[in-house]
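Trainee: Make a model of this:
(chains A and B)
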Amino acid sequence: MARVVFTANLKRHIDCPPAEADGGTVREALEAVFRGNERLRGYVLDDQSALRRHMAVVVDGRPLRDRVHLSDPIAPTSAIYVLQALSGG
Amino acid sequence: MSDRLVVSTRKGLFWIERARGGWGIAKADFLGDNVTLALNDPRSGHDYAVLNHGHFGVKLHRRSRGEWREIAAPAYPPKPEGVIDRDGWGKDIPYSLLDVFALETGGPDEDGGLWCGTIPGGLFRSRDHGESWALVRPLWDDPKRQQWMGGGTDWPAIHSICVDPRDSRVVRIAISCGGVWETRDGGETWACRADGMFAAYLPPEMGRDPNTQDPHRLVQSPSAPDRLWVQHHNGIFRSDDGSASWTEIEGVAPSSFGFAVAVHPREPDTAWFAPAIKDERRIPVDGKLVVTRTRDAGRTFEILRDGLPQIHAYDLVYRHGLAVDDSGDRLAFATTTGGLYVSEDQGDHWLEISHTLPPAHAARFVS
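Mentor: Residues are numbered from 1 along each chain as shown, chains lettered A, B, ... in the order given. From the prediction side, this is the model:
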C-alpha cells in the first residue's frame, strides 16, 4: 500500500494522520484516504476535484504532473506527500 | 443599542464588548487564521465565520451553544465539458469557490435561510443554517453574467445582499463589477438594476452599461426600503425607487471614493462613508482619517474627525468595515492597518479601541 503524508500546516485545521492507501494512481490513493475523512477532501482538492492551486503533491520525490485528474501512476511502495506549494495563497 | 461588535481580521475573529470600563476586546477566535466575514443570526442565535485559508480554500464555521464547528462551504457544480464560460474581459471563469464576499440572513420568516455571495460570481442559498448550499442557478445561468468582470479581485465578486424587510422574496445584490441585480420572487428571476450609475474609468461606450458597474457596497434603509445607498468605484449613488434608478451625489469633500457605506436604521437620509483619495491612491486624504456623514440624503456632508488620527494615517476601510447598530447612535469601523474606532453619538466623537489589531476585513454590531 502507498503511504500518504500530509503537511503539518494542514494538521492545524483538520485531523490528517499519515495513511496507507491502495490504488494505481494518486487520485485513487487520495480518494481512499478521503473515504475515511470526507472533510479533508475540500482542503486538498477544489470544487472540480482538481488539486488546489496552491497545493502540491510529490510522489516518490517527483512533483505531480497531472494536477487536474491526478492520474500519475503510483506503486504499492510509493510515498505521497501532500504539501503547500510555494506559490503563495 | 448594541454593546457588542465582531471584527473579522487577517489573523482572527475578535469580539469587542462595552463593559463598565468602556469598550474593549473581550475574546478572540481562530487566532492566526484569516477570517474574512462573520455573521450573527438573531433568529437562531448562531454565529457564522468565513475563513479563507489560502492554500486550503474557503471554509465556513458555525457556533451553536458555544461550540464552533465547520459546516459546508458553497461548492460550484461541475463545469460541463465543452462549455465556454468567460467573464467580461474574456478570461475563463473557474467553477470554484475562490472567496466569500457576502453572508447574510434571509428574512425573519425564513428560519435557517442564508444567502452567500462569492467570487467568481455565484450566489448561493442555504435553507438549513449552512448545513448545505445550492447555487442560485437562474442568476448563474443568465448569459448577462458573462459580462461581469473582476474589480479589485481577479473575478466578479458578489459582496452585498439586501433582503427587503417588506418581503423576503425581494432581494438585491451588488457585484464588483456587475452592477446591482434584483429578484422579486426569491431568486427565480433576476434583473439588472443599475440605471444611472456610470464608470468614468471605462471607455465612454461602456461607461453607462448597468451590467458592468462597480458598486463597492450596497445598503438598504430598513425604515424606507426604497432608499438605497451605494458607494461606487466612481463615487456615491442613491436610489429613491428601490434600485430602479440611481443618482450620483457630487461634490463630497474630502472625497467621494471609498468602499464602505452605512445607513441609519430609522433615518433614510442619514448615511456614513469612509473616504480615501481615489482608486489609484487608496489612503485617507492628507493622511487624516475621517468619516463623512450626510443627514439630508446627500445634499450636504459633514466631515467627522474628532478622536480619529489626523496625522500620517494611512488606514483604508474595506467595504464591510463600517457598521451602525440598530439604534443608529453607535458606529464602528475597522481598518486595514489594525485600527478600530467606535462612536456613541453618530460619529460626532470617536474612541480608539485599538490600533494594533491585524488588518481588518469587516466589522459588525451584534444584537
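
Trainee: Pull up the residues of chain B that are close to chain A.
Mentor: Within reach of chain A by CB under 8 Å from any CB of the partner chain, chain B has these residues: B:53-57, B:59, B:70, B:73, B:75-79, B:94-97. The way it works is simple: take the backbone N, C-alpha and C, and place the C-beta from them, glycine included.

Trainee: Now, the residues you listed that are in helices?
Mentor: Assignment to helices by DSSP state H places none of these there.

Trainee: Tell me the buried residues within these.
Mentor: B:H53, B:H55, B:F56, B:G57, B:K59, B:A73, B:A75, B:Y76, B:P94, B:Y95, B:S96, B:L97 (16 or more other CB atoms under 10 Å in any protein chain shown).

Trainee: B:D87 is in contact with B:W148, isn't it?
Mentor: Yes: using CB atoms under 8 Å, B:D87 is in contact with B:W148, at 6.0 Å.

Trainee: circling back to that earlier point, among the buried ones among the residues of chain B next to chain A, which one sits closest to B:W140?
Mentor: Nearest to B:W140 among these: B:Y76, at 8.8 Å, using CB to CB.

Trainee: what sits against the closest one?
Mentor: Residues in contact with B:Y76 (CB atoms under 8 Å, 6 or more residues apart in numbering or on different chains) are A:D47, A:Q48, B:Y95, B:S96, B:L97, B:G122, B:L135.

Trainee: check contacts around the residue positioned nearest the centre of chain B.
Mentor: Centroid check for chain B by CA atoms, centre = their mean gives B:H320 as the closest residue, at 4.2 Å. The contact partners of B:H320, by CB under 8 Å, 6+ apart, come to B:S8, B:L37, B:H159, B:R217, B:A260, B:H361, B:A362, B:A363, B:R364.

Trainee: re the thing from before, could the contacts of B:Y76 be laid out in JSON lines, adding pLDDT and distance to B:I249?
Mentor: Converted to JSON lines, those look like this (pLDDT from 0 to 100; distance: CB to CB, whole Å):
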{"residue": "A:D47", "pLDDT": "97", "distance to B:I249": "40"}
{"residue": "A:Q48", "pLDDT": "96", "distance to B:I249": "43"}
{"residue": "B:Y95", "pLDDT": "97", "distance to B:I249": "38"}
{"residue": "B:S96", "pLDDT": "97", "distance to B:I249": "37"}
{"residue": "B:L97", "pLDDT": "98", "distance to B:I249": "35"}
{"residue": "B:G122", "pLDDT": "98", "distance to B:I249": "31"}
{"residue": "B:L135", "pLDDT": "98", "distance to B:I249": "35"}
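
Trainee: Is it possible to get CSV of these that adds distance to B:C116?
Mentor: As requested, these are exported to CSV (distance: CB to CB, whole Å):
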residue, distance to B:C116
A:D47, 14
A:Q48, 19
B:Y95, 16
B:S96, 15
B:L97, 10
B:G122, 9
B:L135, 10
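
Trainee: Can you tell me which of those residues end up in strands?
Mentor: Among the contacts of B:Y76, the residues falling in strands (DSSP state E) are B:L135.

Trainee: contacts for the lowest-mean-pLDDT helix or strand in chain A?
Mentor: Using mean pLDDT, DSSP states H and E, helix A:8-11 stands out as the lowest-scoring helix or strand of chain A, at a mean of 91. The contact list for helix A:8-11, computed with CB under 8 Å, 6+ apart, reads A:C16, A:Y43, A:V44, A:V82, A:Q84, B:H55, B:F56.

Trainee: From these, which shows the smallest pLDDT?
Mentor: Among the contacts of helix A:8-11, A:Q84 has the lowest pLDDT, at 90.

Trainee: Number of residues surrounding that residue?
Mentor: 18 (other CB atoms under 10 Å in any protein chain shown).

Trainee: Nearest residue to it in space, please, no chain neighbours.
Mentor: Closest residue to A:Q84 apart from its sequence neighbours, by CB to CB, 6 or more residues apart in numbering or on different chains: B:H55 at 4.7 Å.

Trainee: Identify the residues contacting the one you found.
Mentor: B:H55 neighbours (CB under 8 Å, 6+ apart): A:N9, A:R52, A:H54, A:M55, A:Q84, A:A85, A:G89.

Trainee: So the third one versus A:D66, what's the distance?
Mentor: Distance of A:H54 to A:D66, computed by CB to CB, to the nearest Å: 17 Å.

Trainee: Could you do the first one as well?
Mentor: Noted for A:N9: a distance of 24 Å to A:D66, by CB to CB.

Trainee: Same check on the fifth one?
Mentor: A:Q84 is 19 Å from A:D66, where distance means CB to CB.

Trainee: Chain B contacts on chain A?
Mentor: So chain A meets chain B at A:9-10, A:13, A:39, A:42-44, A:46-48, A:52, A:54-55, A:84-85, A:88-89 (CB under 8 Å from any CB).

Trainee: Quick check on these: which are buried?
Mentor: For the residues of chain A next to chain B, buried by 16+ other CB under 10 Å: A:L10, A:H13, A:G42, A:Y43, A:V44, A:D46, A:D47, A:R52, A:H54, A:M55, A:Q84, A:A85.
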